[in-house]
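K.L.:
got a predicted model here, sequence first, then my questions.
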Amino acid sequence: MSNFSENLKGLFQFIKSKTFFIQIGIAIVSLLIFVFVLQWWLGVTTNHSQKIQVPNLHKMSLADVEKKLDELNLDFIVIDSASFNPDYPKKSVIEQNPETGDFVKENRKIYLTLNPSKYRDVEIPDLNGRTRRQATTHLRSIGFLVGDNVTWVSDIGKNVVRGLKYKGNKIQPGSKLPKKTTIDLILGDGNGN
């Protein structure tokens, strides 16, 4: 027990000594110097003070985007194609990240979403035997437009779908047409056998 109390007494004397305070001071100064050097080094290596404003790339072609970003030492990656937007030129930028006006560093990648060259193709469903209302609802739900140019054929069922037409030609179920295409209905007139 006396050994423990002597050790404890020695520890308190060391904590009160000049050597202890000098070592603590050296440790604090060393830590501060390390933090300031690290901060300076990170600022230099990460171009901390550099700011490049991201330009507006919307509606630009990829060739124009590449030219513009090369001038600013920026790079780009095409990440996706959105659904076709007729308000934007084909293969032009619809979205960008970072946004226009944001500040970035040199060699930063700008992520682009492009406008496809046309609406995506959608498979023509088999609507034979469905009512006019069912067929119209189904075609609109998958992205087609339904035209007013109805062709009537002799059939026992009135307003029952007996086929579909695109630009005056009959189309087969399973074939594909671009979304937003106008499709006309071939309907039974109710006067057939």
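P.N.:
Sure thing, it's come through.

K.L.:
which ones are touching the nearest residue to I156 once chain neighbours are set aside?
P.N.:
Using Cβ to Cβ, 6 or more residues apart in numbering and skipping the chain neighbours, the partner closest in space to I156 is G192 (4.8 Å). Where C-beta positions appear, they are placed from N, C-alpha and C, glycine not excepted. Applying Cβ atoms under 8 Å, 6 or more residues apart in numbering to G192 gives the contacts V153, S154, D155, I156.

K.L.:
tell me if I am right that G192 is in a strand.
P.N.:
No: read with DSSP: H, G, I helix; E, B strand; the rest coil, G192 is coil and lies in no strand.

K.L.:
quick one: average confidence on the top helix by length along the chain?
P.N.:
Assignment by DSSP state H gives helix 18-45 as the longest helix of the chain. Mean per-residue pLDDT for helix 18-45: 87.

K.L.:
now that helix: buried residues?
P.N.:
Residues of helix 18-45 classed as buried: none (neighbour count, 16 or more other Cβ atoms under 10 Å).

K.L.:
who's in contact with stretch 18-29?
P.N.:
Residues outside stretch 18-29 that contact it (Cβ under 8 Å, 6+ apart) are F14.

K.L.:
ok, E66 - contacts?
P.N.:
Contact partners of E66, counting by Cβ under 8 Å, 6+ apart, are F76.

K.L.:
run the chain-centre distance for stretch 62-73.
P.N.:
In terms of Cα atoms, centre = their mean, to the nearest Å, the centre of stretch 62-73 is set 20 Å apart from its chain centre.

K.L.:
equivalent analysis for stretch 145-165, please.
P.N.:
Distance, stretch centre to chain centre, for stretch 145-165: 41 Å (Cα atoms, centre = their mean).

K.L.:
and for stretch 136-147?
P.N.:
Counting by Cα atoms, centre = their mean, stretch 136-147 is centred 27 Å from the centre of its parent chain.

K.L.:
again, but for stretch 169-184
P.N.:
29 Å.

K.L.:
my read is that W152 contacts G190, right?
P.N.:
No: assessed by Cβ atoms under 8 Å, W152 is found out of contact with G190, at 9.3 Å.

K.L.:
all helices of this protein, in order?
P.N.:
So, for the chain - with DSSP H - the helices run 2-16, 18-45, 62-71, 132-141.

K.L.:
circling back to that earlier point, quick check: angle from the longest helix of the chain to helix 2-16?
P.N.:
Interaxial angle of helix 18-45 relative to helix 2-16 (axes from the mean of the first three to the mean of the last three Cα atoms, to 10 degrees): 60 degrees.
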